[in-house]
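> next comes the sequence, and after it the predicted model I'd like to discuss.
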Amino acid sequence: MDTLHTFEEVSALKKLREEYERQLKMFGVELCDLPDDCMTKLNECIQLKMATKLHDLSINYLKEFYYTRKKEQIDQRLAITKIQTDINDLEKQIEAETLELDQLQMFTTLVNKRLMSEAEMENNKVSIDKKMQDMIARQKSFMIPEDINIDELIRKIELLESRKKNTKNT
């Protein structure tokens, strides 16, 4: 398919060349008679046509080519701006995440400083158990008489406390 299409393009270009040479002969101009600077300009024109893929340099095609290129440039600028905005947003997000990470690291450092090792925990447990046993032993050795009235005892303590306050105030 591609070779058939290419062959058709080549034959169309050959016919076009023959037509242009015929028109030039009508005016009495031969390509080999043109000065070197004209041939250079023609070669530049051909290179320009190949680069732009415009085979007819009429003003309409040139304007269309120009507007197409402008549209591509605008689209590229828009894409670049969008990408830059995305990059800026990602950088801000990275900064926020970094700040949060730093805060979490500080928190874990503080927590690790305050944590007790297992050996310290075991020592504290043993110490507390020993104190509890001592307190239980002291409580058992302390005998409360059965005929004591707790409510009366509380009332007397409160009375003593109020007297102390009164003596301090005067």
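Great, that's in hand. Just so we're clear, the structure is a prediction, and the values are computed from it rather than from any experiment.

> what about Ile94, which helix or strand?
Counting by DSSP states H and E, the element that carries Ile94 is helix 59-114.

> for Lys125, that is, sorry about that
If you go by DSSP H and E, Lys125 is part of helix 118-141.

> following element in sequence after that helix, please.
The element immediately downstream of helix 118-141 (helix or strand, assigned by DSSP H and E) is helix 150-169.

> for that following helix, give the mean pLDDT please.
Mean pLDDT, computed over helix 150-169, is 87.

> what does stretch 87-107 give?
In this model, stretch 87-107 has a mean pLDDT of 96.

> in the helix holding Lys125, what counts as buried?
Within helix 118-141, no residue qualifies as buried by neighbour count (16 or more other C-beta atoms under 10 Å). For the C-beta atoms, the positions are set from N, CA and C on the backbone; glycine is no exception.

> chain center to it: distance?
On the basis of C-alpha atoms, centre = their mean, to the nearest Å, helix 118-141 sits 56 Å off its chain's mean C-alpha point.

> show residues contacting it.
The set of residues external to helix 118-141 that reach it, using C-beta atoms under 8 Å, 6 or more residues apart in numbering, is Met116.

> just the CA trace of that helix, in CSV.
Once non-C-alpha atoms are left out, helix 118-141 reads as follows in CSV (Å, rounded to 0.1, in the frame of the first residue of the first chain):
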residue,chain,number,x,y,z
GLU,A,118,11.9,-4.4,80.5
ALA,A,119,14.5,-4.7,83.3
GLU,A,120,13.4,-1.4,84.8
MET,A,121,9.7,-2.5,84.6
GLU,A,122,10.5,-5.8,86.3
ASN,A,123,12.5,-4.0,89.0
ASN,A,124,9.5,-1.6,89.6
LYS,A,125,7.1,-4.5,89.7
VAL,A,126,9.2,-6.3,92.2
SER,A,127,9.6,-3.2,94.3
ILE,A,128,5.8,-2.5,94.2
ASP,A,129,5.0,-6.1,95.1
LYS,A,130,7.4,-5.9,98.1
LYS,A,131,5.9,-2.6,99.3
MET,A,132,2.4,-4.2,99.0
GLN,A,133,3.4,-7.2,101.0
ASP,A,134,4.9,-4.9,103.7
MET,A,135,1.7,-2.8,103.8
ILE,A,136,-0.4,-6.0,104.1
ALA,A,137,1.8,-7.3,106.9
ARG,A,138,1.6,-3.9,108.7
GLN,A,139,-2.2,-3.8,108.2
LYS,A,140,-2.5,-7.4,109.7
SER,A,141,-0.4,-6.4,112.7
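
> good, wrapping up.
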